[in-house]
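*Asks:* make a model of this:
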Amino acid sequence: MQIPWKHGRKVTIRSAIGYGMGDFYGGGQGVLVSTYLALFWTRFCGMNIGSAQSILGISTIVSAFAALFFGVLDDNLYRFRLARRLGRRHLLMLMVPPLLIFGILLWIPGLPPATYLAVYVLWVVLGQMFQTAYNPLPGEMAQDFGERTLLSTVRMFVSSASGTLVPLIGGVVLAFAGEDHPTGYMIVAIAFIVGFIVATSISCWTTWELTPRSAGFGQWEDGTRQMSHIGFEGWVRRLRRIAGEYASTLRIVVFRQHLAMYLLILTASDIFGQTVVFFMLYNWNRTAAFASILLSCSVVSLPLTPVFGWMMTRIGPRRMYEIGFVTGLIGAAWLLASWLLRGHMPASLWLIFAVAGMLWFLTAKALYGYLPWTVFPYVADV
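*Replies:* This is a model prediction of the structure:
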């Protein structure tokens, strides 16, 4: 494998697409899980909705601690020769593709609930491992505003595409295979897990990072600092120091604002993803195939993603946040109205009204979901 250092490289469309393929996994796996996993567990694995959502919730907490752990690990990987050869980011990224195959176990009926919990914890930890190494790459691959915007725009386009393909293909497969047995769900899940393995592998091979010296680890690169065994207590001290450094970033007003918006958007999107299918099943009295096809309306975000990139350079993120939040609130009210009006409108007219509301809401969701990931690479400069 070529050493993934940056030696005068320029970001091109090809390298931007290679980078963006990483978010085929980042965006697609979240949609796959939120759309189908809890439904699959409750229908075919003997769980009730409380147990299924508890596993997802516990794993989210584990993911938060994993993020801190991998942040510490990532900053210390240059202590090891393999990381100096492959790159501290890429060493973590390369570990993810072969381990994703275990995700297939989540979609096999009849396993003990403890097995689903263990495998899903592994699944979210792998996602956090990949994202810890993957998210900072724009700041290392490019310093130019245009190149970073290109990377973020292509990334969000690929993420939106994967988020559209999952429910679209899932809806088609479920319509043909039926929703009363697990075969259709398993076909969709296994196919996309294989796609995630391919996408993360492409991202590993087509991206690069700063040299150890440029990243501030020159003492390991030139051999002036020797390897030492720091032990468990040493790692705990490093973890404590990193936690203090993380806390110190909260002194920066811009970072606090960005973090608050990011967490609120991420949490709201997760809640929407975990509940929208059940909302359509039980409040709209529709099928999972209908819900899947309707969620695939997120395809509207694909042609809009380049427009968002153009708007980013013209009016800036603040005005775009305002537009996104206002349109999102209108979309939420529209979906609420579609629930309240069900049974009080002619069926065909109600269907048009509901689909139009979902299109509006998913457009707004694409806009305010695009912004945190586009702004993120510039926070380090602040």
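*Asks:* number of nearby residues for Val254?
*Replies:* As a burial measure, Val254 scores 11 neighbours (other CB atoms under 10 Å). Bear in mind the C-beta positions are built from the backbone N, C-alpha and C, glycine included.
*Asks:* in terms of secondary structure, what does the helix or strand containing it contact?
*Replies:* Assigned by DSSP states H and E, Val254 belongs to helix 253-282. Here helix 253-282 is seen to pack against helix 22-32, helix 38-44, helix 49-76, helix 288-295, helix 347-379 when contacts are counted using 3 or more CB pairs under 8 Å, 6 or more residues apart in numbering; DSSP states H and E.
*Asks:* which of those helices has the lowest average pLDDT?
*Replies:* Sorting the helices and strands packed on helix 253-282 by mean pLDDT places helix 49-76 lowest, at a mean of 76.
*Asks:* list the buried ones in it?
*Replies:* Residues of helix 49-76 classed as buried: 51-53, 55-56, 59, 62-63, 66, 69-76 (neighbour count, 16 or more other CB atoms under 10 Å).
*Asks:* now swap in stretch 340-359 and tell me
*Replies:* Quick answer for stretch 340-359 (16+ other CB under 10 Å): 342, 350-351, 353-354, 357-359.
*Asks:* just the closest of these to Leu100, please.
*Replies:* Met358 (30.3 Å; CB to CB).
*Asks:* go ahead and confirm the closest one touches Ser296.
*Replies:* No. Met358 lies out of contact with Ser296 (CB atoms under 8 Å); the separation is 10.0 Å.
*Asks:* Ser269: which of the helices and strands packed on helix 253-282 is closest?
*Replies:* Of the helices and strands packed on helix 253-282, nearest to Ser269 by CB to CB is helix 347-379, at 6.3 Å.
*Asks:* ok, back up a step: make JSON lines out of the buried residues of stretch 340-359 and add distance to Gln143.
*Replies:* Below are the buried residues of stretch 340-359 laid out as JSON lines (distance: CB to CB, whole Å):
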{"residue": "Arg342", "distance to Gln143": "53"}
{"residue": "Trp350", "distance to Gln143": "52"}
{"residue": "Leu351", "distance to Gln143": "50"}
{"residue": "Phe353", "distance to Gln143": "48"}
{"residue": "Ala354", "distance to Gln143": "46"}
{"residue": "Gly357", "distance to Gln143": "42"}
{"residue": "Met358", "distance to Gln143": "40"}
{"residue": "Leu359", "distance to Gln143": "38"}
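*Asks:* how far does the helix holding Val254 sit from its chain's centre?
*Replies:* Centre-to-centre, helix 253-282 and its host chain are 12 Å apart (CA atoms, centre = their mean, to the nearest Å).
*Asks:* would you map the helices across the stretch 51-200 of the chain?
*Replies:* Listed in chain order, the helices of the stretch 51-200 of the chain (DSSP state H, counting those that start in this stretch) span 81-86, 88-99, 113-134, 137-141, 145-177, 183-206.
*Asks:* okay, buried residues for the third one please.
*Replies:* Of the residues in helix 113-134, those buried under the neighbour-count criterion (16+ other CB under 10 Å) are 116-117, 119-134.
*Asks:* residues contacting it, please?
*Replies:* For helix 113-134, the external contacting residues (CB atoms under 8 Å, 6 or more residues apart in numbering) are 22-23, 25-26, 29, 33, 37, 41, 45-47, 51, 55-56, 58-60, 62-63, 66-67, 70-71, 74, 88-93, 95-96, 99-100, 102-103, 105-106, 200, 203.
*Asks:* helices and strands of this structure: which one bottoms out on pLDDT?
*Replies:* helix 218-221 (a mean of 54; mean pLDDT, DSSP states H and E).
*Asks:* quickly find the element holding the closest residue to Phe157 other than its chain neighbours.
*Replies:* Take Phe157 and drop its neighbours on the chain: the residue closest to it by CB to CB, 6 or more residues apart in numbering is Thr305, 4.3 Å away. For Thr305, the element it lies in under DSSP H and E is helix 301-314.
*Asks:* in the next helix-or-strand element following that helix, what counts as buried?
*Replies:* Downstream of helix 301-314, the next assigned helix or strand under DSSP H and E is helix 316-340. Neighbour-count burial for helix 316-340 flags 317, 320-321, 324-325, 327-328, 331-332, 334-335, 338 (criterion: 16+ other CB under 10 Å).
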